[in-house]
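*Asks:* 3D model of this:
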Amino acid sequence: MALKPAPTEEFSSNSYIEIFFPPMTTATPATRFARFRKQRAVQRFLQSTSGMIGLVLTALIILMAVLAPILRPYDPAGDRNYAARLRPPSPEFWFGTDGLGRDILSQVWYGLQTSLLIGLVAVAIGMLIGVALGLLAGYFRGRLETVVGWMTDVMLAFPSILLAIAIVTVTGPSVVSVMFAVGLVQLPKFIRLTRSMVLSLREQEFVQTVRAFGATPPRIILRHILPASLAPIVVQATLAIGTATLEAAGLGFLGLGAQPPTPELGTMLSDAFKGGYSLSSPWTIIFPGLFITLTVLAFNLLGDGLRDALDPRSGR
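*Replies:* Below is the predicted model of the structure:
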């Protein structure tokens with residue numbers, strides 16, 4: 001029986017197009033699931049009343065701080081009108097003036113800049129160091145976990161504001177000292193959160209699988225465990241910004257924060273109380289205190305909204 005020749009492949013114009021312009025491959029099930037989770041998280045956040053209020057307030061506060069050099073009506077430190085001392089709010093001075101004749105609105109705008117800068121940098125310091133220590137302690141366990149746990153327990157034994165006061169007293173009052181002190185105070189929160197996440201993830205099947213295929217510990221930690229732990233870390237960081245801002249204002253009120261002529265919300269409250277203007281000129285404490293409250297409230301509401309959105313167990 002004679003063999004039939006193999007049929008020759010016929011190329012059409014569509015075949016040539018597919019060679020040079022291959023069709024886009026469909027997304028894998030894992031990619032589609034990740035995309036669905038992101039869309040679901042955004043939907044849950046948009047449905048969160050607290051999250052949306054926090055987002056709007058945070059955006060307004062950041063916008064005010066960023067645009068302070070452009071919108072400022074007066075120099076917060078240099079423009080002093082002693083003839084306009086302690087004037088109440090008016091069309092000329094929207095938030096009134098302080099005991100030195102300075103415009104409180106300009107001071108609040110620049111004070112927001114300083115407070116937000118301290119809060120963001122302090123939380124960044126605490127998050128970077130705390131997450132790194134938590135990852136190492138939770139994955140390698142042993143003596144490293146014991147030492148890190150002992151250090152965390154010692155820091156938690158003291159109230160955070162007292163620990164920050166002690167650190168600033170040693171390093172000297174300044175904006176940099178406050179950033180460093182408040183950042184160190186945030187360490188235990190990130191260490192404990194990250195360590196607990198690592199302990200729950202290191203025995204999961206996907207980690208066991210990549211370990212069986214020969215993945216090194218740094219690769220497992222950075223490529224698999226850390227991405228799976230980012231959601232609670234981001235929520236904690238958002239909530240910590242409000243706490244850090246409040247602690248920075250407390251240090252400023254005690255005279256351990258930003259030093260004159262740098263405007264800062266806690267320092268403004270301190271100047272008003274020291275000058276005895278809190279009762280006779282209440283606007284000198286109302287507006288700085290109001291913006292401290294709004295800043296803390298904004299980041300707390302934003303953190304609550306992110307927690308509802310990023311928590312897969314949320315019923316929304």
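*Asks:* below-threshold pLDDT in the chain: ranges please.
*Replies:* 1-37, 72-73, 77, 312-316 (pLDDT under 70).
*Asks:* so which bits of the top helix by length along it are buried?
*Replies:* Using DSSP state H, we find that the single longest helix of the chain is helix 104-140. For helix 104-140, burial by neighbour count (16 or more other Cβ atoms under 10 Å) applies to 104-127, 129-131, 133-139. C-beta: built from backbone N, CA, C; applies to glycine.
*Asks:* so which other helices or strands are in contact with whichever helix or strand comes after it?
*Replies:* Using DSSP states H and E, the next helix or strand after helix 104-140 towards the C-terminus is helix 142-156. The elements that helix 142-156 packs onto, with contact taken as 3 or more Cβ pairs under 8 Å, 6 or more residues apart in numbering; DSSP states H and E, are helix 104-140, helix 187-201.
*Asks:* tell me which helix or strand comes right after helix 142-156.
*Replies:* Heading C-terminal from helix 142-156 (DSSP H and E), you reach helix 160-171.
*Asks:* what residues sit buried inside the helix or strand just after that next one?
*Replies:* For helix 160-171, the following helix or strand on the C-terminal side (DSSP H and E) is helix 175-185. Neighbour-count burial for helix 175-185 flags Val175, Ser177, Val178, Met179, Phe180, Ala181, Val182, Gly183, Leu184, Val185 (criterion: 16+ other Cβ under 10 Å).
*Asks:* and the helices in the stretch 201-316 of the chain?
*Replies:* Secondary structure of the stretch 201-316 of the chain (DSSP state H, counting those that start in this stretch): helices at 205-212, 217-220, 226-253, 265-275, 277-280, 283-310.
*Asks:* which other helices and strands contact the first one?
*Replies:* The reference is to helix 205-212. Using 3+ Cβ pairs under 8 Å, 6+ apart: helix 205-212 touches helix 217-220.
*Asks:* gap between the helix it packs on and the chain center?
*Replies:* How far helix 217-220 lies from its chain's middle: 26 Å, per Cα atoms, centre = their mean, to the nearest Å.
*Asks:* and that helix, what does it pack against?
*Replies:* Partner elements for helix 217-220 (3+ Cβ pairs under 8 Å, 6+ apart): helix 104-140, helix 205-212.
*Asks:* among these, which comes closest to Val296?
*Replies:* helix 104-140 (9.5 Å; Cβ to Cβ).
*Asks:* mind listing what Pro173 touches?
*Replies:* Leu251, Gly255, Leu256, Gly257, Gln259 (Cβ atoms under 8 Å, 6 or more residues apart in numbering).
*Asks:* how about those in a markdown table, adding neighbour count and distance to Ala84?
*Replies:* Putting those into a markdown table (neighbours: other Cβ atoms under 10 Å; distance: Cβ to Cβ, whole Å) gives the following:
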| residue | neighbour count | distance to Ala84 |
| --- | --- | --- |
| Leu251 | 25 | 30 |
| Gly255 | 14 | 26 |
| Leu256 | 25 | 30 |
| Gly257 | 29 | 26 |
| Gln259 | 14 | 25 |
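*Asks:* how about the helices and strands packed on helix 217-220 in JSON lines, adding distance to Phe93?
*Replies:* As requested, the helices and strands packed on helix 217-220 are exported to JSON lines (distance: least, Cβ to Cβ, whole Å):
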{"stretch": "helix 104-140", "distance to Phe93": "7"}
{"stretch": "helix 205-212", "distance to Phe93": "60"}
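*Asks:* so which of those helices is nearest Leu246?
*Replies:* Minimum separation from Leu246 across the helices and strands packed on helix 217-220 (Cβ to Cβ) falls at helix 104-140, 8.8 Å.
*Asks:* relative orientation of that closest one and helix 175-185 in degrees?
*Replies:* Interaxial angle, helix 104-140 versus helix 175-185 (axes from the mean of the first three to the mean of the last three Cα atoms, to 10 degrees): 40 degrees.
*Asks:* mind checking how far helix 104-140 is from the chain centre?
*Replies:* Counting by Cα atoms, centre = their mean, helix 104-140 comes out at 7 Å from the chain centroid.
*Asks:* what does stretch 261-276 give?
*Replies:* The answer for stretch 261-276 is 26 Å, by Cα atoms, centre = their mean.
*Asks:* in it, what's buried?
*Replies:* Thr262, Pro263, Glu264, Leu265, Gly266, Thr267, Met268, Leu269, Ser270, Asp271, Ala272.
*Asks:* got a list of what the residue nearest to the first one when sequence neighbours are not counted touches?
*Replies:* It stands for Thr262. With Cβ to Cβ, 6 or more residues apart in numbering as the criterion, Thr262 has its nearest non-adjacent residue at 6.2 Å, and that residue is Thr114. Thr114 makes contact with Val175, Ala258, Thr262, Pro263, Glu264, Leu265, according to Cβ under 8 Å, 6+ apart.
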